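> got a structure for you, letters missing:
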């Protein structure tokens with residue numbers, strides 16, 4: 001994973017992990033904070049829109065995606081709060097976010113399994129329309145964050161969550177097409193399960209990097225104490 005490369009005149013704060021050759025962007029940048037505020041607002045609004053639409057349409061995929069928007073709103077707020085703090089605190093925040101993402105993935109899997117037993121056909125038209133709206137919102141977030149996709153676990157977790165959202169929205173649109181074509185709920189349930197798996201995979205990536213950074217800071221303190 002390469003380091004952050006900013007413009008020469010940009011106020012980009014750089015903080016090394018403890019590696020001599022791999023300096024990671026730590027988020028200390030006025031421009032990055034403005035981007036985070038914008039992405040937080042986008043995700044907060046889309047959570048309300050998608051949860052209402054998911055309930056109206058009876059779609060598990062839409063509800064799973066809405067829950068992802070809510071999780072991102074919370075985790076991006078945490079990311080913003082810990083910017084500028086020592087690496088150990090940023091890594092701890094990323095660890096909390098990673099574990100929360102994993103819990104969300106497990107919840108979606110459990111909820112999907114329940115709906116396999118209690119089948120109801122969701123409204124494909126609502127799913128498709130909201131899916132396109134959510135995709136547009138997430139593509140805007142991805143484009144805003146593209147420049148900052150590499151960095152410490154705190155910065156990296158923001159990028160992974162936004163990327164997952166865009167993938168999830170494409171999946172919801174595909175699910176809506178499947179529901180419309182088959183007249184069954186199975187495409188919706190399959191997509192919800194796939195999204196849950198994506199949440200769990202990203203959780204593992206974020207937790208792994210956060211634990212690595214915590215180990216680095218612990219080793220650094222031990223060396224300094226000797």
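All right, it came through fine. Keep in mind it's a predicted model, so treat the numbers as computed, not measured.
> Give me the neighbour count for residue 201.
Residue 201: 15 surrounding residues under other C-beta atoms under 10 Å. C-betas here are computed from N, CA, C, even on glycine.
> and if you look at residue 221?
10.
> Then residue 215?
Residues near residue 215, counting by other C-beta under 10 Å, number 12.
> where exactly do the helices run in the protein?
Secondary structure of the chain by DSSP state H: the helices cover 30-57, 60-82, 87-117, 124-145, 153-182, 186-225.
> Which of the ones you listed comes out lowest on mean pLDDT?
Here the lowest mean pLDDT among these goes to helix 87-117, at a mean of 75.
> do you know how far residue 45 is from residue 205?
Between residue 45 and residue 205 the computed distance is 27 Å (C-beta to C-beta, to the nearest Å).
> Over to residue 36?
Residue 36 sits 20 Å away from residue 205, taking C-beta to C-beta as the criterion.
> How about the contacts made by residue 65?
Contact analysis of residue 65 by C-beta atoms under 8 Å, 6 or more residues apart in numbering lists 50, 54, 131, 134, 165, 168-169, 172, 195.
> Could you find the closest non-adjacent residue to it?
Leaving aside its chain neighbours, residue 65 sits nearest to residue 168 (5.0 Å; criterion: C-beta to C-beta, 6 or more residues apart in numbering).
> How many neighbouring residues does the one you found have?
A count of neighbours around residue 168, defined by other C-beta under 10 Å, yields 25.
> do the one 10 residues further on as well
The local packing count at residue 178 equals 20, with neighbours defined by other C-beta under 10 Å.
> One more: residue 48?
The tally of other residues near residue 48 (other C-beta under 10 Å) stands at 12.
> where's it relative to residue 169, distance?
Separation of residue 48 from residue 169 (C-beta to C-beta): 16 Å.
> Same check on residue 146?
Distance from residue 146 to residue 169, by C-beta to C-beta: 17 Å.
> higher neighbour count, these two?
Set residue 146 next to residue 169 and count neighbours by other C-beta under 10 Å: residue 169 wins out with 26 against 12.
> ok, now which ones touch the spatially most central residue of the chain?
By C-alpha atoms, centre = their mean, the mean C-alpha position of the chain lies nearest to residue 161, the distance being 1.6 Å. Residue 161 is in contact with 68, 71-72, 75-76, 97, 101, 202, counting by C-beta under 8 Å, 6+ apart.
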